[in-house]
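[1] From the sequence below, what's the structure:
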Amino acid sequence: MDYYPLLFVSLCFLNCTESTIGPGSRKSPSRPPENVIPSSSVSNDLDLSGKVHSPPQESLPPSDIDVLERNLLQEDIDPKSVLENYQSYCHSCSETRQFTYPTLIYITPWNNRGYDLVKTFTRKFDYISPVWFRIKRIDIKKYHIEGTHDIDSQWIQTLKEKRSDVRIVPRVSFEKWSTDDIHAIFQSEGEKQQLSLTLKNFLIEYMDLFDGYVL
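    Numbering: from 1, shown residues only. Okay, the predicted model is just below:
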């Protein structure tokens, strides 16, 4: 009976695998051939339609004033304001929380900058969920968790040194499950037990790094 709460959460997500966080396809959609104009014949301030564009604007540097005092949080967001300030966070209050509600963030391995940013703002977060793992059914009553090559124990240690009570809860997704795999979970008590046991044993193996899962 100890496995059922975890199993229930797992089953609730089986039908949501199409909406999981992922790097997306790198394949470009097919497009008809376009006429290419040599770069030497086009002004730096013009696009191919003839519209004049200003050169890309660099973001302002970090500030000592938070976004609330700078009146940057608006219902109608100005794109220009975003481009001017997206890197201009409040450096002096990077460890100060603005509210008491629990916070959860995802860190994706295909965006390396996220690893550095979360080290800057560690004290603002309660739960940090690296998007590392996928669980797959490889045979009857056999399951395997992939993605252990992405584990960065040094990064986790750095986060816990900055905030000892932060919870590292990696995401485990159910990707590319066949119809047969899903039916097996619903129809077989043994399959449910083995799925839960796989998740439990994996967490025990990495108990010095992880504090739970996001499924």
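
[2] alpha carbons only for contacts and neighbour counts from here, please
    OK.

[3] What number of residues are in the vicinity of Arg70?
    Burial of Arg70, expressed as a neighbour count using other CA atoms under 10 Å, amounts to 9.

[4] so Phe210 makes contact with Arg167?
    Yes - using CA atoms under 8 Å, Phe210 and Arg167 qualify as a contacting pair, with a distance of 7.4 Å.

[5] Give me the more crowded residue out of the two.
    Arg167 (21 against 18).

[6] Now do the same for the residue nearest to the more buried one when sequence neighbours are not counted: its pLDDT.
    Spatial nearest neighbour of Arg167, excluding adjacent residues (CA to CA, 6 or more residues apart in numbering): Tyr127 at 4.8 Å. pLDDT, Tyr127: 97.

[7] So Tyr127 sits against Ile168, correct?
    Yes - assessed by CA under 8 Å, Tyr127 is found in contact with Ile168 at 6.0 Å.

[8] What helices and strands are in contact with the longest helix belonging to the chain?
    Ranked by residue count, the top helix of the chain under DSSP state H comes out as helix 189-205. Using 3 or more CA pairs under 8 Å, 6 or more residues apart in numbering; DSSP states H and E, the elements in contact with helix 189-205 are helix 4-12, strand 142-146, helix 179-187.
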